[in-house]
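Engineer: whatever this is, show me its structure:
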Amino acid sequence: MIGLAKGNGTTSTTYPGSETDPKHPRVLVNRERCAGCQDCLVRCPTEALHLDPLDWVIQAEDTRCVGCRQCVRVCAFSAIQVEGPRLVAPSQSVQTFHPPTLIGDTQEVRLGFSSWREALVEADRCLDCPDPTCVRGCPAHNNIPGFIAALRERDLDTAHAILRETSVLPDICSRVCDWNSQCEGACSWALAGEQPVAIGRLERFVTEQREVPALARTPVVDNSLRVAVVGSGPAGIAAAWELLSAGVEVTMLEKEAEPGGVLNWGIPSYVLPDAVVRRPFSALQEAGLRLELNTQLGRDVDLETLLEDYSAVILGHGATIPNKLRVPGADLAGVEDATSFLSRAKEALKAGNTLPDLPAGSRILVVGAGDTGMDVARTALRFGVTPVAIRRMAERFASLRPDELVEARAEGVEIRFARIVERLVGDENGQVQGAWLQRTHQSKAGESPKVLTENPDYLPIDRVIVAMGYQIDRSVGANRTANLPLPRPDLSRTVPDRRWLASGILSTSSPVGRQALAHEEVLKQAMTARSDRIWVVGDALTGPSTVVAGMAEGREAARSILQQYRSLV
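Structural biologist: Numbers count the residues shown, from 1 in each chain. Take a look at the predicted model:
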């Protein structure tokens, strides 16, 4: 017999005994507030809710509830409360690999699941939500519940097929994505305050158990469509993949001697192995990609010539110009940008060499403690160099991968938050030898830190590496693509789609939902030609972004070209 617990207008439809079981959640529905809209019913992953056909009010079966609180988040009328625990199994932990000695080591440090048992236990934590917020949090919109369900069945072919619908870089994204601010941050368990499903590591497990399938190319029926892709980073890769899959002739232009863009020069091998970076290019070239290296737009070929030779051009040249440090002493010898340092350090480590200008025991100041700053500092450790990284924001407000911060500190990186460089000082030869650091104060997120003017700290150093972010080269296609990069979407002027509001992803204090919604606006821009027959994607469109966002934008631009071309034939 199902009973009703009443009081203050709330009801809870329960099975006998569950209402007094402290180990089980209890759902309370305020009958006076409930409008019968059924948003909660649609999104309940365990079918714990149903609609009373007479009263048109939601009722709950507590014994089915796992306490995920999705119903609470999506209810527009605050008619539902859930009391009691969340019935979620602990996540399978994965240890970071710590080399016995860092010097000269390039082994991958961020590991995945080592066995089917670990992967399956983690996969079983997925609620298979009917309206999965994790998909909204993923810029590529991977069908996350779908591939996890296939993994639970040990069906790797289907898991790959599901991922392939939206991603051409699952082996790369599963290593470098900041899951916490994307798919995993949008997991129902994360929104409920619990440990999310380890989506990134499950995706990686799929790619490690079975290689990413080769590019399947449609037989060419009409080869009159030819597209030039400028840039070989994630956006360019995805665009070329989508076009080649449709049988289109594609030429990719890359200004460097090796393809990959940021994947090649910006991410150390101990995070993203070289073999993983090479994989998509092998697949693309086997499918017919024409790859032209050492070819820079504006230097070796101009945009107008490309438009004469090709049906369409996709600009995905990235944000490669480092932001400069603008303080007294910034022009001293020994001040270097992160791109230059990471590029030469990666080659030296690969060849087993040292850096002659940075002998073991040297001290460096890394200005910037974001993702790039952490890469610089951790790479320096592998040459026996002692790094100190600074960031102007307070630690609790800084956007940084939590796992990367833990890894960096475990390896020995000293990070000083709420610090800026006041000035650099040099010796009699004009070589940098020290930095005066000033403290900052920040009281809330989104607030610009204020510089405190008293008692600066002096730090003796041998070199400064500037890792303060990047900007796009505005000269590329300047006469055709003005006003780029785009400003950040102003969500205060955006009325979210009803599906976004009802999903509950925007109703928490987490910024994940707002970030995901902002990227939806960017995807619309990626699908739109910026000029006649010119599309712009990735960092070239938005300024510095993420690997997965660039990949998603490149794919959408390619699909837009295909759609427009097919409408004309």
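Engineer: return the set of residues that bridge with residue 391.
Structural biologist: When assigned by DSSP bridges, residue 391 has beta-bridge partners residue 417.
Engineer: quick check, it in contact with residue 368.
Structural biologist: Yes: in this structure, residue 391 sits in contact with residue 368. The criterion is C-beta atoms under 8 Å, and the distance is 6.5 Å. C-betas here are computed from N, CA, C, even on glycine.
Engineer: and these two? Which one has more around it.
Structural biologist: residue 391 (25 against 22; other C-beta atoms under 10 Å).
Engineer: ok, that one to residue 321 distance?
Structural biologist: 21 Å (C-beta to C-beta, to the nearest Å).
Engineer: strands of the stretch 101-250 of the chain, start to end?
Structural biologist: Applying DSSP state E, counting those that start in this stretch to the stretch 101-250 of the chain gives strands spanning 226-230, 249-253.
Engineer: and among these, the most buried is which?
Structural biologist: Neighbour counts averaged per stretch over the strands of the stretch 101-250 of the chain are highest for strand 226-230, at a mean of 26; criterion: mean count of other C-beta atoms under 10 Å.
Engineer: show me what that one is packed against.
Structural biologist: Contact analysis of strand 226-230 by 3 or more C-beta pairs under 8 Å, 6 or more residues apart in numbering; DSSP states H and E lists helix 234-245, strand 249-253, helix 303-309, strand 312-315 as its packing neighbours.
Engineer: how about residue 160, nearest residue that isn't a chain neighbour?
Structural biologist: The spatially closest residue to residue 160, leaving aside those adjacent along the chain, is residue 213, at 5.7 Å (C-beta to C-beta, 6 or more residues apart in numbering).
Engineer: hang on, the earlier thing: dump the helices and strands packed on strand 226-230 to JSON lines, plus mean pLDDT and distance to residue 446.
Structural biologist: Output for the helices and strands packed on strand 226-230, formatted as JSON lines (pLDDT from 0 to 100; distance: least, C-beta to C-beta, whole Å):
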{"stretch": "helix 234-245", "mean pLDDT": "97", "distance to residue 446": "28"}
{"stretch": "strand 249-253", "mean pLDDT": "97", "distance to residue 446": "39"}
{"stretch": "helix 303-309", "mean pLDDT": "94", "distance to residue 446": "38"}
{"stretch": "strand 312-315", "mean pLDDT": "96", "distance to residue 446": "31"}
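Engineer: now render the ones you listed as JSON lines, adding distance to residue 140.
Structural biologist: Compiled in JSON lines, these are given as follows (distance: least, C-beta to C-beta, whole Å):
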{"stretch": "helix 234-245", "distance to residue 140": "9"}
{"stretch": "strand 249-253", "distance to residue 140": "20"}
{"stretch": "helix 303-309", "distance to residue 140": "27"}
{"stretch": "strand 312-315", "distance to residue 140": "17"}
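Engineer: what helices and strands are in contact with the helix or strand hosting residue 388?
Structural biologist: Assigned by DSSP states H and E, residue 388 belongs to strand 386-391. With contacts defined as 3+ C-beta pairs under 8 Å, 6+ apart, strand 386-391 has these neighbours: strand 363-367, helix 371-381, strand 414-417, strand 419-426.
Engineer: averaged pLDDT, the next helix or strand after it. What do you get?
Structural biologist: Scanning the chain past strand 386-391 towards its C-terminal end, the next helix or strand to appear is helix 402-411 (assignment: DSSP H and E). Averaging pLDDT along helix 402-411 gives 91.
Engineer: output helix 402-411 as CSV, restricted to C-alpha atoms.
Structural biologist: The C-alpha atoms that make up helix 402-411 are tabulated as CSV, following Å, rounded to 0.1, in the frame of the first residue of the first chain:
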residue,chain,number,x,y,z
PRO,A,402,42.2,21.1,-10.2
ASP,A,403,44.0,17.9,-11.2
GLU,A,404,46.7,19.9,-13.0
LEU,A,405,47.3,22.0,-9.9
VAL,A,406,47.7,18.9,-7.8
GLU,A,407,50.1,17.3,-10.3
ALA,A,408,52.2,20.5,-10.5
ARG,A,409,52.5,20.9,-6.8
ALA,A,410,53.3,17.2,-6.3
GLU,A,411,56.1,17.5,-8.9
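Engineer: that one - contacts with which helices or strands?
Structural biologist: Using 3+ C-beta pairs under 8 Å, 6+ apart: helix 402-411 touches helix 371-381, strand 414-417.
Engineer: contacts for that helix?
Structural biologist: The contact list for helix 402-411, computed with C-beta atoms under 8 Å, 6 or more residues apart in numbering, reads 96, 98, 102, 109-110, 180, 371, 374, 377-378, 381, 389, 415.
Engineer: and if we set it to 6 Å?
Structural biologist: Counting by C-beta atoms under 6 Å, 6 or more residues apart in numbering, helix 402-411 makes contact with 96, 374, 378, 381, all of which sit outside it.
Engineer: can you point out the buried residues in that helix?
Structural biologist: Neighbour-count burial for helix 402-411, counted by 16 or more other C-beta atoms under 10 Å, picks out 404-405, 407-408, 411.
Engineer: ditto for stretch 76-96
Structural biologist: For stretch 76-96, a neighbour-count test (16+ other C-beta under 10 Å) marks 79-82, 84, 88, 91-92, 94 as buried.
Engineer: what's the average pLDDT for that stretch?
Structural biologist: Mean predicted lDDT for stretch 76-96 stands at 91.
Engineer: show the end-to-end separation of that stretch, please.
Structural biologist: Across its full length, stretch 76-96 reaches 42 Å between end residues, using C-alpha to C-alpha, to the nearest Å.
Engineer: of all the helices and strands packed on strand 226-230, which lies closest to residue 522?
Structural biologist: Across the helices and strands packed on strand 226-230, the minimum distance to residue 522, taken as C-beta to C-beta, is reached by helix 234-245, at 11.5 Å.
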